[in-house]
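Student: Here is my input, please return the structure:
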Amino acid sequence: MSKVEKSPKTGFEKIIEYFNSELEINHPIAIAKVVEDTGFSWSFIKKTLAKIIEEYDGFHFEKSGNTWITWKDREHIIKKLDDTCSRFLEESDEGC
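Tutor: Numbering: from 1, shown residues only. As a prediction, the model looks like this:
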């Protein structure tokens, strides 16, 4: 019986994992800290974070003064969901 080997993680996946395992909730850090901790280039991280902000909830990325900062507002950042019943419940008191 052979073990099933997992394919190597992409840089994108490693950054998501970093945010989910290393960042504290509501504790902003500079992008320079992400560069230092992950070993990825500043430009790669900035490009990746721009993609994450479009596709994931619980994640923030913005410029503060001369520094780019990022933080999460939940335990794990998650992929944005398509329209769900809960969205309709938030818009009205009626069920779906």
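
Student: quick one: the strands in this protein?
Tutor: Assigned strands in the chain, in chain order: 29-30, 56-57, 59-64, 67-72, 78-79 (criterion: DSSP state E).

Student: so can I have CSV of the ones you listed showing mean neighbour count?
Tutor: Heads up, the C-betas are built off the backbone N, CA and C, glycines and all. Formatted as CSV, the strands of the chain follow (neighbours: other C-beta atoms under 10 Å):
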stretch, mean neighbour count
strand 29-30, 15
strand 56-57, 16
strand 59-64, 14
strand 67-72, 17
strand 78-79, 12
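
Student: show me what contacts the closest residue to residue 18 other than its chain neighbours?
Tutor: Leaving aside its sequence neighbours, residue 18 sits nearest to residue 38 (C-beta to C-beta, 6 or more residues apart in numbering; 5.7 Å). Counting by C-beta atoms under 8 Å, 6 or more residues apart in numbering, residue 38 touches 14-15, 18, 45.

Student: Could I get these in a markdown table, plus columns for neighbour count?
Tutor: What follows is the contacts of residue 38, written out as a markdown table (neighbours: other C-beta under 10 Å):
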| residue | neighbour count |
| --- | --- |
| 14 | 15 |
| 15 | 20 |
| 18 | 15 |
| 45 | 22 |
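
Student: Could you point out which residue ranges in the protein have low pLDDT?
Tutor: Along the chain, the parts satisfying pLDDT under 70 run over 1-5, 83-96.

Student: Which strands or helices does the longest helix seen in the chain pack on?
Tutor: Scanning the chain for the helix with the most residues, using DSSP state H, yields helix 42-55. Packing partners of helix 42-55 (3 or more C-beta pairs under 8 Å, 6 or more residues apart in numbering; DSSP states H and E): helix 11-22, helix 31-38, strand 59-64, strand 67-72.

Student: who touches the longest one?
Tutor: Identification of contacts with helix 11-22 by C-beta under 8 Å, 6+ apart yields 9, 34, 37-38, 40, 44-45, 48-49, 51-52, 56, 59, 70, 72, 75-77.
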